[in-house]
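In: Following is a predicted model, sequence given first.
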Amino acid sequence: MLKKTAIALGLLLTLNCYSQEELITFKNTLKTSSSFLKDVLPIVNEKNDDVSLFLIDAKYIYGYLLNDKFEIKSELKSEDRSRMFKTIIGHSIKNNNDYRIFLTNKSHDKFSTINFSYGTDESSIKEFELEKDNEKFVQSVSVQNKFYLISIIKYSSIFKVYSFDDEGNYSVNIVEFAINNVIDKKGKRAVLYDLMPGLYSSNSLIDIKKINEKTPSSIEIASEFVKLYIRNTDIIFSFDENTNTTQTVTFNLETFEKKVNQFTKPLELAKSNQKKTNSFINDENIFLIASTDDELVFRTQNFELGTLVKEYVVNVNDTIAFKNSPIIQEGGAYDSYREMDKTKKFLRKITSGDVGVSVNSYANGYKIVLGGKKEIRRGGGGMMPMGFGMPMASFGGVSVFFNPVYFAYNSYVNTKSTYVNCLLDQNLNHLEGVFPKNEFDKIKDYNEEDRFASQIGETVFKHKGYFIKGVYFSESEEYRLRKFSN
């Protein structure tokens, strides 16, 4: 018992020791236009830790290249000549001086690249399309300063991976999975195309959220049925629409080795229409959650081996013995923050919506959030989507494609969910103590200090092992970066 208490105390002391410091405040000296700032794009060089900040107004793009000490080492000004392509989907970096941004159009079937060269103070544009009419854009990733575009052949289990070189030219590799090695939500054999989300929406675009395991994820993101994880050069898709089985599809961006895993979800005997289920991958484990109005099961299995690591069961008349917070409901139509006492109400709330589990690992264990989200009706009767109120700029920088950290931050601070917080040690045993704040909480708390800054110019991104928030002060035309670490 003493050992467990000591571990818990050490965890809390570690997690609560947050710091913040100003890294740089600089004036946008390149700006000559009277247009207001529309967006800010941060790009981190993974090889030397330089940061390129692009400040964008209606007419120009202003680029500032900062070294790892956040000193300005170069700058450039360029016109935005690519009005058709408004959504940024990724970047690549050549020779530490050339930063290439990749964009797509509204239909995600035509693409453009803009190369910004700090060495020559020039920019150039190149356009391209998917190779075939029968393929659809799935997602994009930037790994080790290289850009990859992933598409899928319609009605198949065939991915196409477009790999781009330093000049913006691509080569294509095929990743073909066996037909009918996955199942759909009804348990029938299917192809991977059938599992893609958003195909039957009004715009029929595939919509998959990217997960960074080292970044806090809101219940809104964690409760998505399809998620994409990036682990070095491995891409992992998880599919959770089937309430009895989690399916994962993995392939490597360089070797194109591939595999499919399946995990049986808890409460497998419960009727599908009476339960909600989901999963989350972190470290070597996959975390599975299943809930009905009467019961919740939270199970951890080894991701590679499938072996059981730990399981918690909560019945409707139980207290949640492993929680470290009250039952919390945020983002209600009339009350933005409420606390509940009864497990019965918690189970009913999360099972009536989409259930999710979010996991963050720390030095001494895991921070777990268990809960669910339910879309809230606005006054006009329409549904309020996840992330309602996010500052979305026309250039597309606040995007699940380009800066998923900022997307995750906005979702986290604007959450509309019911949840409990839990602390577990490295063996998944419960730790006593107050649930500590994470970096997003700290940034949210500090927002009051930046209340005079323009929210359009706001960004959040990760650099080395900490988070950085950027804000723009329109009156002085200054931009500030502030570091948040634990």
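Out: Sure thing, it's come through. Numbering: from 1, shown residues only.
In: what sits opposite residue 170 in the beta ladder?
Out: On the basis of DSSP bridges, residue 170 takes part in beta bridges with residue 164.
In: Helices of the stretch 1-150 of the chain, residue ranges please.
Out: Defined through DSSP state H, counting those that start in this stretch, the helices belonging to the stretch 1-150 of the chain, from first to last, are 2-16.
In: hang on, I meant the stretch 151-300 of the chain
Out: Counting by DSSP H, counting those that start in this stretch, the stretch 151-300 of the chain has these helices, from start to end: 219-222.
In: which residues of it score low on pLDDT?
Out: Residues of the stretch 151-300 of the chain that meet the criterion pLDDT under 70 lie in 202.
In: where exactly do the strands run in it?
Out: When secondary structure is read from DSSP state E, counting those that start in this stretch, the stretch 151-300 of the chain shows strands at 158-164, 170-176, 182-183, 189-190, 209-211, 226-231, 234-239, 245-252, 258-264, 276-282, 285-291, 295-302.
In: Nearest approach to residue 410 belongs to which of these?
Out: Counting by CB to CB, residue 410 lies closest to strand 209-211 out of the strands of the stretch 151-300 of the chain; the figure is 12.4 Å. The way it works is simple: take the backbone N, C-alpha and C, and place the C-beta from them, glycine included.
In: what packs against that closest one?
Out: In terms of contacts (3 or more CB pairs under 8 Å, 6 or more residues apart in numbering; DSSP states H and E), strand 209-211 is packed against strand 226-231, helix 404-413.
In: go with 10 Å
Out: Contacting strand 209-211 under the criterion 3 or more CB pairs under 10 Å, 6 or more residues apart in numbering; DSSP states H and E are the following elements: strand 135-143, helix 219-222, strand 226-231, strand 234-239, strand 276-282, helix 404-413.
In: tell me the most buried of the ones you listed?
Out: Burial among the helices and strands packed on strand 209-211, expressed as mean neighbours by mean count of other CB atoms under 10 Å, is greatest for helix 219-222, which shows a mean of 28.
In: distance between that helix and the chain's centre?
Out: Helix 219-222 sits 9 Å away from the centroid of its parent chain (CA atoms, centre = their mean, to the nearest Å).
In: Which one, of the helices and strands packed on strand 209-211, ends up nearest to residue 167?
Out: strand 135-143 (16.3 Å).
In: returning to what we had before: rebuild the helices and strands packed on strand 209-211 as TSV, extending it with distance to residue 341.
Out: As requested, the helices and strands packed on strand 209-211 are arranged in TSV below (distance: least, CB to CB, whole Å):
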stretch	distance to residue 341
strand 135-143	41
helix 219-222	20
strand 226-231	32
strand 234-239	33
strand 276-282	22
helix 404-413	25
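In: returning to that earlier point: let me have the strands of the stretch 151-300 of the chain in JSON lines, extended by distance to residue 23.
Out: Formatted as JSON lines, the entries for the strands of the stretch 151-300 of the chain read as follows, by distance: least, CB to CB, whole Å:
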{"stretch": "strand 158-164", "distance to residue 23": "30"}
{"stretch": "strand 170-176", "distance to residue 23": "35"}
{"stretch": "strand 182-183", "distance to residue 23": "46"}
{"stretch": "strand 189-190", "distance to residue 23": "48"}
{"stretch": "strand 209-211", "distance to residue 23": "25"}
{"stretch": "strand 226-231", "distance to residue 23": "26"}
{"stretch": "strand 234-239", "distance to residue 23": "32"}
{"stretch": "strand 245-252", "distance to residue 23": "35"}
{"stretch": "strand 258-264", "distance to residue 23": "41"}
{"stretch": "strand 276-282", "distance to residue 23": "29"}
{"stretch": "strand 285-291", "distance to residue 23": "34"}
{"stretch": "strand 295-302", "distance to residue 23": "38"}
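In: Quick one: closest of the ones you listed to residue 447.
Out: For residue 447, the closest of the strands of the stretch 151-300 of the chain is strand 209-211, at 23.6 Å, according to CB to CB.
In: Strand partners (parallel or antiparallel) of that closest one?
Out: Applying DSSP bridges, strand 209-211 is found paired with strand 226-231 (parallel).
In: quick one, the partner strand and helix 404-413 angle?
Out: If you take axes from the mean of the first three to the mean of the last three CA atoms, to 10 degrees, strand 226-231 sits at 130 degrees to helix 404-413.
In: thinking again about what came up before, quick one: closest of the helices and strands packed on strand 209-211 to residue 151.
Out: When the helices and strands packed on strand 209-211 are compared for distance to residue 151 using CB to CB, the nearest one is strand 135-143, at 4.5 Å.
In: now the stretch 351-486 of the chain, which segments are flagged as low pLDDT?
Out: Low-confidence segments of the stretch 351-486 of the chain, defined by pLDDT under 70, span residues 375-400, 448-455.
In: What segments of it are strands?
Out: Ranges of strands in the stretch 351-486 of the chain, per DSSP E, counting those that start in this stretch, are 354-362, 365-373, 376-377, 383-384, 417-425, 454-463, 466-473, 478-485.
In: From the chain's centroid, how far away is the second one?
Out: Relative to its parent chain, strand 365-373 has a centroid offset of 15 Å by CA atoms, centre = their mean.
In: Give the pairing partners of the helix or strand encompassing residue 313; include direction for each.
Out: The secondary structure element spanning residue 313 is strand 308-315 (assigned by DSSP states H and E). Strand 308-315 has these partner strands in its sheet, going by DSSP bridges: strand 295-302 (antiparallel).
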